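Engineer: would you be able to build a 3D model of this:
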Amino acid sequence: MTGETAHRSTAATKEVNGPGIIWHIPRPTRNEETVPEQIEQPTFTPRPVLSFVRRSGRLDARLQRAWDNYADTYLLDINAGEGSLDVRDDFTLDRDTIAVTWGNANPLIVEIGTGQGENIVAAAAAHPDVNFLALEVYDPGVAHTLLLAGKQRLGNLRIAQVNAPELLAATAPGSIAEVWTFFPDPWPKMKHHKRRIVQPQLAQSIHGALADGGAWRIATDIEDYALHVHEVMDGRTDFRNAGTIAVSLPTGHVGKGNAELADDMPHADFTESERFDDRVLTNFEKKGLAAGRVIHDLTYIAV
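Structural biologist: Below is the predicted model:
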């Protein structure tokens with residue numbers, strides 16, 4: 001090594017040998033080292049846990065015609081944007097909104113997750129002096145409800161394709177007479193139980209939206225979901241369980257595929273309600289009964 005090369009080697013340089021050439025890449029001394037800038041970390045807002053998975057269902061010709069013919073009459077334009085299930089920031093469901101939308105001051109009943117619309121359409125036809133609002137996120141369910149309502153030319157029914165907890169959070173106190181949640185998605189896997197629609201935060205929103213003495217009516221054919229509802233609702237001081245029937249349920253939860261384990265668990269008595277007269281026997285409920293499942297009706301009164 002020549003003296004010049006040795007000097008370069010000791011003088012904070014690095015030699016990189018390439019084919020026929022030597023590159024001398026200076027390395028910064030300690031005083032020359034740059035301190036990385038402090039990068040501001042982004043703030044993340046936790047996404048809400050949804051009780052549904054957004055999926056689009058293709059409409060057949062019949063349902064597409066129903067959408068085209070009746071959406072302007074029945075489907076509320078309250079979404080934050082096209083394709084969004086969020087409620088517009090400037091929307092409030094209050095007595096003025098009800099008067100403008102339905103043209104009267106009749107009591108309003110809201111059903112969360114109306115499916116094919118069989119129940120709410122039958123109720124609207126049977127009670128013309130009551131206003132009804134169907135909340136459904138899936139296109140085929142909305143279209144089928146439009147079809148049923150349009151065929152009967154119902155004037156007291158409207159549909160909103162929005163996330164139900166958002167709408168209830170945007171509802172003025174005392175605006176709703178009753179909320180119905182019949183046969184919600186059971187989310188049977190244990191890791192998915194947090195997705196169940198009946199949750200403390202929703203209960204709080206519903207209580208705020210209900211008129212004095214208003215009711216939240218729930219029905220399920222899943223035993224584990226019935227236990228979940230009791231755990232969420234029975235200890236609350238802002239609702240009263242209006243049931244009159246003692247029902248024995250396991251005190252532990254089970255997941256999909258191991259429901260039979262509940263039979264060997266400790267059981268306790270819970271209070272539930274008689275079958276709600278205004279809940280029609282839908283095809284969904286018929287399938288549950290045919291499979292041997294017990295229907296659990298639960299009624300909670302706002303206090």
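Engineer: so what are the sheet partners of the lengthiest strand in the chain and their directions?
Structural biologist: Longest strand in the chain, counting residues (DSSP state E): strand 210-220. The sheet places strand 210-220 alongside strand 176-182 (parallel), strand 296-302 (antiparallel), with pairing taken from DSSP bridges.
Engineer: got any ranges where the chain has weak pLDDT?
Structural biologist: Low-confidence segments of the chain, defined by pLDDT under 70: 1-57, 257.
Engineer: now the strands for it?
Structural biologist: Going by DSSP E, the chain shows strands at 13-18, 21-26, 108-112, 131-135, 157-160, 176-182, 210-220, 239-241, 245-250, 267-272, 296-302.
Engineer: looking at these, which is closest to L261?
Structural biologist: L261 lies closest to strand 245-250 among the strands of the chain, at 8.6 Å (C-beta to C-beta). Where you see a C-beta, it was placed from the backbone N, CA and C, and this is true even at glycine.
Engineer: circling back: can you add mean neighbour count and give the strands of the chain back as a markdown table?
Structural biologist: Rendered in a markdown table, the data for the strands of the chain read as follows (neighbours: other C-beta atoms under 10 Å):
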| stretch | mean neighbour count |
| --- | --- |
| strand 13-18 | 10 |
| strand 21-26 | 10 |
| strand 108-112 | 25 |
| strand 131-135 | 26 |
| strand 157-160 | 24 |
| strand 176-182 | 23 |
| strand 210-220 | 21 |
| strand 239-241 | 18 |
| strand 245-250 | 14 |
| strand 267-272 | 16 |
| strand 296-302 | 22 |
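Engineer: so can I have TSV of these showing distance to D77?
Structural biologist: Listed next are the strands of the chain as TSV, based on distance: least, C-beta to C-beta, whole Å:
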stretch	distance to D77
strand 13-18	66
strand 21-26	64
strand 108-112	17
strand 131-135	14
strand 157-160	9
strand 176-182	20
strand 210-220	25
strand 239-241	32
strand 245-250	42
strand 267-272	38
strand 296-302	29
